[in-house]
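> predicted model, plus sequence, below.
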Amino acid sequence: MKKFFFPLILLLLFASSCKPSAEKTIKDGVAREYYSDGMIKSETQVKDTLAHGLMKNYDRDGNLSSVYTFNMGKLNGPAVSYYTNGKIEMKMYYKDGRREGTTQLFYRTGELYRETPFKAGKIDGLRKSYYKNGTIMAEAPYKNSMPGVGLKEYTSKGELISDDTRIVVREENRLFGENKYILHITLDHPKKGVNYYLGDLVEGKYLSPFQWQIPEVDNVGNYIVKLERGSFRMETLIISATYKTPKSNYNVISRKYNLAVDNK
């Protein structure tokens, strides 16, 4: 299954040991790292050779780009990243090295753009996005960083945007000679970058990393049922689809399909 990439800005951290680079290693105090031209790159408070306290990172122009809080080598506490204009880009909180609580992402001009709830490093809850005027733009459900059914998107005036896209299944009988029965899966409203999945949704709502991704060609999923001569197969399939919306959210839709095939 493909991983989902949602519209959060990822930050480049440091070595997993959370120790300053070897040539700058000290036992206690402040470890500093520099660019090749001598400009300060980072300042990290250190205790027993581990990052403990604040780590401040700077860009090549000397602007503060991010600040992280550590406790004996692990990210613990608030963290902030900044745009080059000095405005806050993102506010985060870490617990034992993993994202926890609400992460806030801001427009370059300072307005709140997105609030994302985290539990133990994974998106869990309702991720909300906003227009610059403060009006809600989208509400997207997540669990264990997987999107779920129920995405809501709004206009800048607060009106709900309707999306009645449905999954369509077309049968192709190739039992005679090939012992195959193919389900061609599409959407009634064509979308780009569609992925199709087979299997139960978590809590009947959320995608799971354990679901099987149905092979597709040109946004058409193809599920092949192989059935030997004289065999019969009857079951209810849960087919799901996901696609990215113009507002950079992942919409998840699902349907049940009753399969009944008899290769006489």
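Arrived safely.
> C-alpha only now, for contacts and for neighbours.
Fine.
> quick one: residues contacting Tyr196.
Neighbouring residues of Tyr196 by Cα atoms under 8 Å, 6 or more residues apart in numbering: Ile185, Gln213, Ile214, Pro215, Glu216, Gly221, Ile239, Ser240, Ala241, Thr242.
> apart from its chain neighbours, what residue comes closest to the last one?
Translated: Thr242. Leaving aside its sequence neighbours, Thr242 sits nearest to Val252 (Cα to Cα, 6 or more residues apart in numbering; 4.5 Å).
> who are the packing partners of the helix or strand where the one you found lies?
If you go by DSSP states H and E, Val252 is part of strand 250-262. Applying 3 or more Cα pairs under 8 Å, 6 or more residues apart in numbering; DSSP states H and E, we find strand 250-262 packed against strand 146-147, strand 167-174, strand 232-244.
> quick one on the thing from earlier: quick one: pLDDT of the residue nearest to Thr242?
Per-residue pLDDT puts Val252 at 97.
> returning to that earlier point: pick the one among the contacts of Tyr196 closest to Val67.
Closest approach to Val67 among these (Cα to Cα): Thr242, at 35.5 Å.
> could you give the bridge partners of that closest one?
Using DSSP bridges, the beta-bridge partners of Thr242 come out as Asn195, Val252.
> looking at it, it is touching Gly221, isn't it?
No: taking contacts as Cα atoms under 8 Å, Thr242 lies outside contact range of Gly221: 11.9 Å.
> now do the shared contacts for the two.
With Cα under 8 Å, 6+ apart as the test, Thr242 and Gly221 both reach Asn195, Tyr196.
> please, where are all the helices along the protein?
175-178 (DSSP state H).
> still on that earlier bit, residues contacting the residue nearest to Thr242?
Val252 neighbours (Cα under 8 Å, 6+ apart): Pro147, Gly148, Val149, Gly150, Leu151, Ser240, Ala241, Thr242, Tyr243.
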